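Engineer: here you go, sequence then predicted model.
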Amino acid sequence: MRQAKEAARLALQQALHEAAEEVVFRQVGRRKGEPRFRMVVSTAPHPCPRCGSRLTSSFQRKGTYSRRLLTLAGEVELRLPRVLCDCKSNVPLDFPFLQRKSRVWMDIRSRVLELFAMRVGYRDIAGHLERETGFPLGRCALRQILGELSAVPGPVVWWHPDEPVPEEIQLDGVWIKVKGKLQILLLALDTTYGRRSRLLGWNLGASESEEEYYALTSQLREAGITTEAGLRAAVSDGAAGIHAALLNTWPSVHHQHCHWHILQRVRTKIAHPDHEQAMLKDIRNVLQAKNGADGMAQAKQCIASWAEKEPEATVAFRRLIRHAFTFLKLPRTVVSRASGKVERMAREFRRKYRQMECFRSPRYVAPTVLAWAVRQTAAGNPHWPRKLLSKALTARTLLKGINPTRVVPLRRWPKKPKRPGGSVPGEKHGRRFGPKPTYKPPFPRWV
């Protein structure tokens, strides 16, 4: 086993040296040891930072420097070449297989993501990597690896093109505090009838404006969620920004306002508490109409009867009732009358991270939402957004062998056994005799 691991380490070290030599060859135009008259004069990929020259004839080798990498095969020590220009300036080279200011290679990063996706905690991931590689990896390094997922700017699409296109989506937002300021996390959820609810994407914005929602919906449209592919309806809480963003993104999509939110928004606009029960009862009767024409007729009567008594509540009801009967135009299995599923997911997010009163930086939000999204959708989602993770970690095949449908139960460290009376062997009346007994917890089970 040790011989095979050592052979793999040496093979990886040789492959990385050959890749570095290829980068230097494209820069200087000749192999190591070849004379200058055999040089291939062409344009170098990296210009000189001082004189700006890009001809390969202007560069030459100038020694090497050491670089150590921590890989699953072991610690690899590299000797990377230096390149010098004729103006005596060092030319920085970009090695695609290395990451700046990081000793952890991409295979360890992929293993961390794999274990994290299988619901393994920080402590157990660090212990597993230490037994597999022979060197420790702290929790700060693990958080940094997961924090690099925030390199993907703007909205994040958690939907893979191989997945079926949703027929109905629900949109909502969760208010969180980032660096002492309130920001909203906009969510898009697939709520197609007969399927498991799954997260499609999210976006961190400053408000529930049209621009923030359009940034999320436009990314979903570019990913492949279009009306031509099968999208038919969208359900929301009635925010004005959502309706405007839907018109700009999917003009032919049917928009449905949640009935529960209609009642709640009208309740907040009622000025006299004595009118609350009677007005809400009339609105409930309107929302229970059998078809859209009867519902709009009853809504006009309700608005006329309450216009003078409750003007603000009547204006709010007039705006929200326009899209309250969309579910009657389509089959019951296509669109629902309430946004309860996305509300439950938002409530679960608030419950999960309620103890985090404030995120230190926006870069911590993306890994947190990613972890929450994995735990919410991994059990019922047979596909992974591999392209997103590969783009974030600058590698294309990091998650090739992951099976997200497999959930590994995490075994927690057992507590110390309690002795009857609060005493341990060798202790009597609060005094200890002999050596202190040691307790070694068993290692968790690994897959």
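Structural biologist: Done, it's in. Numbers count the residues shown, from 1 in each chain.
Engineer: average pLDDT across the helix or strand containing residue 300?
Structural biologist: Assigned by DSSP states H and E, residue 300 belongs to helix 292-306. Averaged over helix 292-306, pLDDT sits at 91.
Engineer: so what does the next helix or strand after that helix touch, helix or strand wise?
Structural biologist: Heading C-terminal from helix 292-306, the first helix or strand you meet, by DSSP H and E, is helix 311-320. In terms of contacts (3 or more C-beta pairs under 8 Å, 6 or more residues apart in numbering; DSSP states H and E), helix 311-320 is packed against helix 259-269, helix 292-306. (Each C-beta comes from the backbone N, C-alpha and C, glycine too.)
Engineer: tell me which of those helices is the most buried.
Structural biologist: Most buried of the helices and strands packed on helix 311-320 by mean neighbour count (mean count of other C-beta atoms under 10 Å) is helix 259-269; its value is a mean of 17.
Engineer: just the C-alphas of that one, formatted as CSV.
Structural biologist: Output of helix 259-269 as CSV, limited to C-alpha atoms (Å, rounded to 0.1, in the frame of the first residue of the first chain):
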residue,chain,number,x,y,z
HIS,A,259,-54.0,34.0,-1.2
TRP,A,260,-52.5,33.9,2.3
HIS,A,261,-50.3,36.9,1.6
ILE,A,262,-53.3,38.8,0.1
LEU,A,263,-55.1,38.5,3.5
GLN,A,264,-52.0,39.4,5.5
ARG,A,265,-51.2,42.5,3.4
VAL,A,266,-54.8,43.7,3.6
ARG,A,267,-54.8,43.0,7.4
THR,A,268,-51.8,45.3,7.9
LYS,A,269,-53.6,48.2,6.0
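Engineer: neighbours around residue 113, how many?
Structural biologist: By other C-beta atoms under 10 Å, 22 other residues sit near residue 113.
Engineer: which neighbouring elements make contact with whichever helix or strand it is part of?
Structural biologist: Per DSSP H and E: residue 113 is located in helix 106-117. If contacts are counted by 3+ C-beta pairs under 8 Å, 6+ apart, helix 106-117 sits against strand 59-71, helix 122-133, helix 139-147, helix 365-377.
Engineer: now the helices and strands packed on helix 311-320 as a markdown table including distance to residue 158?
Structural biologist: A markdown table is the format used below for the helices and strands packed on helix 311-320 (distance: least, C-beta to C-beta, whole Å):
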| stretch | distance to residue 158 |
| --- | --- |
| helix 259-269 | 24 |
| helix 292-306 | 34 |
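Engineer: so what does residue 180 have for phi and psi?
Structural biologist: phi 80, psi 0 (degrees, to the nearest 10).
Engineer: same question, residue 166
Structural biologist: Dihedral angles (degrees, to the nearest 10) for residue 166: phi -70, psi 140.
Engineer: quick one: residues contacting it.
Structural biologist: By C-beta atoms under 8 Å, 6 or more residues apart in numbering, the contact set of residue 166 is 190-192, 195, 200, 225, 230-231.
Engineer: let's have those in a markdown table, adding distance to residue 80, neighbour count and pLDDT.
Structural biologist: Below are the contacts of residue 166 laid out as a markdown table (distance: C-beta to C-beta, whole Å; neighbours: other C-beta atoms under 10 Å; pLDDT from 0 to 100):
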| residue | distance to residue 80 | neighbour count | pLDDT |
| --- | --- | --- | --- |
| 190 | 47 | 26 | 89 |
| 191 | 52 | 24 | 88 |
| 192 | 52 | 20 | 88 |
| 195 | 50 | 14 | 82 |
| 200 | 43 | 25 | 86 |
| 225 | 44 | 25 | 91 |
| 230 | 51 | 12 | 88 |
| 231 | 50 | 24 | 91 |
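Engineer: would you mind checking which of those residues is nearest to residue 243?
Structural biologist: residue 231 (15.9 Å; C-beta to C-beta).
Engineer: so that closest one versus residue 128, what's the distance?
Structural biologist: Note on residue 231: its distance to residue 128, by C-beta to C-beta, to the nearest Å, is 42 Å.
Engineer: what's the spacing between the helix ranked longest in the chain and its chain's center?
Structural biologist: Longest helix of the chain, by residue count under DSSP state H: helix 2-28. Relative to its parent chain, helix 2-28 has a centroid offset of 33 Å by C-alpha atoms, centre = their mean, to the nearest Å.
Engineer: tell me which other helices or strands it touches.
Structural biologist: strand 59-71, strand 74-85.
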